[in-house]
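>>> Attaching a predicted model along with its sequence, questions to come.
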Amino acid sequence: MSVQPACASCGKSLEPTDRGRPRLYCSRACQAKVYRARRAEAPASAPEDNDGAPHLTVERIVRAGIAIADAEGLDALSMRRVAMDLGTGAMSLYRHVASKDDLVTLMVEAAMTDVPLPDSAPRNWRHGLERAAYRDWDLYHRHPWILPRVMVTTRAHFSPALAADSESAFSAFDELDLEPAEAFRYMFMFASYVQGVALTYVSDVEAERQSRIAPTQGTKASNEEQNPLFVPGAYPRLARAMRAGATPWDLDALFASGLAGVLDGIAADLARRGIDSGPDEHRNEKSR
């Protein structure tokens with residue numbers, strides 16, 4: 001059974017030739033279109049390595065991806081966009097990174113590794129958790145896009161950098177002689193708080209990026225007066241609380257205050273259960 005030849009550009013059926021090489025295109029226009037596409041995939045001015053791409057490495061691709069995600073969010077990331085920033089064709093990237101999902105996985109590993117883990121044991125459990133909290137808080141400020149990829153979840157997934165981060169945080173409990181289930185319960189409470197507040201920060205960053213307006217902490221009184229929330233008598237308790245606690249909005253201060261409360265809760269629970277948690281001399285101190 002013979003196969004009907006088709007144009008390599010548009011797919012239109014081609015009449016078979018009686019002699020010479022078979023036709024590949026139905027017209028000169030289709031032939032020119034394919035030629036232009038090939039030129040776009042391989043810029044003539046770029047120095048090439050053995051893969052036919054301009055000195056590409058996994059590291060360069062990952063760093064380009066991080067730069068895009070930091071500046072424009074993860075939605076702006078694509079293999080084509082990374083290739084464009086590196087001055088090459090998208091197909092060249094696939095020789096080094098299998099897919100966009102694989103690229104994001106590598107970006108998470110690189111971003112987390114860039115923030116070093118502590119190289120010494122914590123002074124006590126509270127110091128250890130404070131140190132872990134502020135390390136992660138800094139990480140989410142550097143790379144807001146990373147949070148959805150490292151959120152606490154019931155679905156098991158493995159990341160060497162994320163596992164090392166968690167292992168370091170769990171070391172805060174080494175001196176307490178806790179049962180593994182107890183350590184997990186405290187860590188779940190702690191991590192849920194840190195990531196919950198970080199989610200507020202990341203949402204604000206994304207909302208600002210999308211709207212291209214000034215951040216909410218810069219809202220003027222005249223704008224506040226136009227907000228239905230502050231209509232006299234409408235929501236008196238909520239309005240008073242928002243004016244007192246969120247005007248101006250200081251998420252760093254709220255994070256520190258809430259973290260102290262979470263750690264106070266863990267300390268109270270340890271005391272109730274008769275577990276000696278040691279001296280608490282560094283309470284409310286921001287420690288690295």
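Everything's here; your move. This structure is a prediction, so every number in the text was calculated from the model and none was measured.
>>> Would you mind measuring from the most centrally placed residue in the chain to residue 81?
Closest residue to the average C-alpha location of the chain: residue 146 at 1.4 Å, with Cα atoms, centre = their mean. To residue 81, residue 146 is 18 Å away according to Cβ to Cβ, to the nearest Å. Any C-beta I mention is one placed from the backbone N, CA and C, and that applies to glycine too.
>>> For the stretch 1-150 of the chain, which segments count as helices?
Counting by DSSP state H, counting those that start in this stretch, the stretch 1-150 of the chain has helices at residues 28-41, 58-72, 79-86, 90-93, 100-113, 125-142, 147-150.
>>> rank these by pLDDT, which is bottom?
Least confident of those, judged by mean pLDDT, is helix 28-41 with a mean of 56.
>>> what about this structure, any weak spots by pLDDT?
Counting by pLDDT under 70, the chain shows low-confidence ranges at 1-11, 13-54, 156-157, 212-226, 229-230, 247, 278-288.
>>> how many neighbours does residue 152 have?
13 (other Cβ atoms under 10 Å).
>>> Leaving out the residues flanking it, which one is nearest to it?
Residue nearest to residue 152 in three dimensions, not counting chain neighbours: residue 191, with 5.1 Å by Cβ to Cβ, 6 or more residues apart in numbering.
>>> Confirm that neighbour sits in a strand?
No - counting by DSSP: H, G, I helix; E, B strand; the rest coil, residue 191 is located in no strand; its state is helix.
>>> ok, so what distance separates it from residue 85?
On the measure of Cβ to Cβ, residue 191 and residue 85 end up 34 Å apart.
>>> more crowded one of these two?
Taking other Cβ under 10 Å, residue 191 and residue 85 do not tie; residue 191 has more neighbours (19 against 13).
>>> Test my guess that that one contacts residue 153.
No - between residue 191 and residue 153 there is no contact under Cβ atoms under 8 Å: 10.7 Å.
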